[in-house]
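K.L.:
Model the structure of this input:
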Amino acid sequence: MLGAKQEKVYLCAVNVVIMIKKEDVLAKLPDLDGALSPEERELILNKMQVRAFRKNETIYQEGDIPSHLLCLISGKVKIYKDGVGGRAQIVRVADAVEYFGYRAAFSDENYVTAAAAFEPSVIATIPIGLIRQLIMRNPQLAWFFVRRLAIALGKSDARTVNLTQKHIRGRLAESILFLKESYGVEDDGQTLNISLSREDLANLSNMTTSNAIRTLSSFAQENLIALNGRKIKILNEATLQKISRMG
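P.N.:
Numbers count the residues shown, from 1 in each chain. You can find the predicted model right below:
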């Protein structure tokens, strides 16, 4: 039997087998490893599970009972909420390496959002009961999560204002810049490092898919962006920032 530190996790995602050591996964978790004692680290390693998700696969659904702390190790994830008429609103995106889905667990609520993979993703899960036990006796770990929740709340407040008060052009420009901030760009320094469907872009921008398509085309005609399938290349970031600020 392999010890926790040597245990290897085999993941099958998109017909590719990935071999990952749990210890390597823990080392990737942002700042968490530094907040743990050796004994706490061993507990985490023993209880941690790692799972691969296919593109568009649901990670959790609205109304589910949260049972684990989730951390995106690789890939990209959207957190969304179904709205009127079944149209989803993307409220947040997650990039590796990032925690998500734990606010509901800390507040003893069911999930009020859902999450799905934008692309093939690997996620580490740690039982939330164990995290609660560790927080109760480890102030450094408690402060780590308090600070993360506070930062997330500030970003959420800003996004709410932007998506409700800006006009369509301002919302779409803001979303394109938001995606650049969240996921960065490819080697050319301009193309967003994510392939996004028009529907997902619309859901991120709080608009219909048809409005998103028309506004994207308008931006392309104005040489603010270039479109190649689902890829978006930013050609004039300064003007996009101006459109976003003016709303």
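K.L.:
and the residue most central in space within the chain, backbone torsions?
P.N.:
Nearest to the mean C-alpha position of the chain, by CA atoms, centre = their mean, lies A94 at 1.2 Å. The phi/psi pair for A94 (degrees, to the nearest 10) reads phi -120, psi 140.
K.L.:
so A220 touches I232, yeah?
P.N.:
No - look at A220 against I232 with CB atoms under 8 Å: they stay out of range, at 9.1 Å. Heads up, the C-betas are built off the backbone N, CA and C, glycines and all.
K.L.:
Among the two, which residue is more densely surrounded?
P.N.:
I232 (24 against 15; other CB atoms under 10 Å).
K.L.:
ok, now how distant is the more buried one from K81?
P.N.:
Counting by CB to CB, to the nearest Å, the gap from I232 to K81 is 24 Å.
K.L.:
What is the least confident helix or strand in this structure?
P.N.:
Ranked by mean pLDDT, DSSP states H and E, the weakest helix or strand in the chain is strand 8-13, scoring a mean of 42.
K.L.:
rewinding a little: residues that sit against both of A220 and I232, list them.
P.N.:
Taking CB atoms under 8 Å, 6 or more residues apart in numbering as the criterion, A220 and I232 both touch A226.
K.L.:
what about the helices in the protein?
P.N.:
For the chain, the helices defined by DSSP state H cover 22-28, 38-47, 103-106, 128-137, 139-165, 168-183, 198-205, 209-221, 237-246.
K.L.:
Domain map for this structure?
P.N.:
Annotated domains of the chain cover 8-162, 167-246 [automatic domain parsing].
K.L.:
and those domains, which one's lowest on average pLDDT?
P.N.:
Within the domains of the chain, confidence is poorest for domain 8-162, with a mean of 81 (mean pLDDT).
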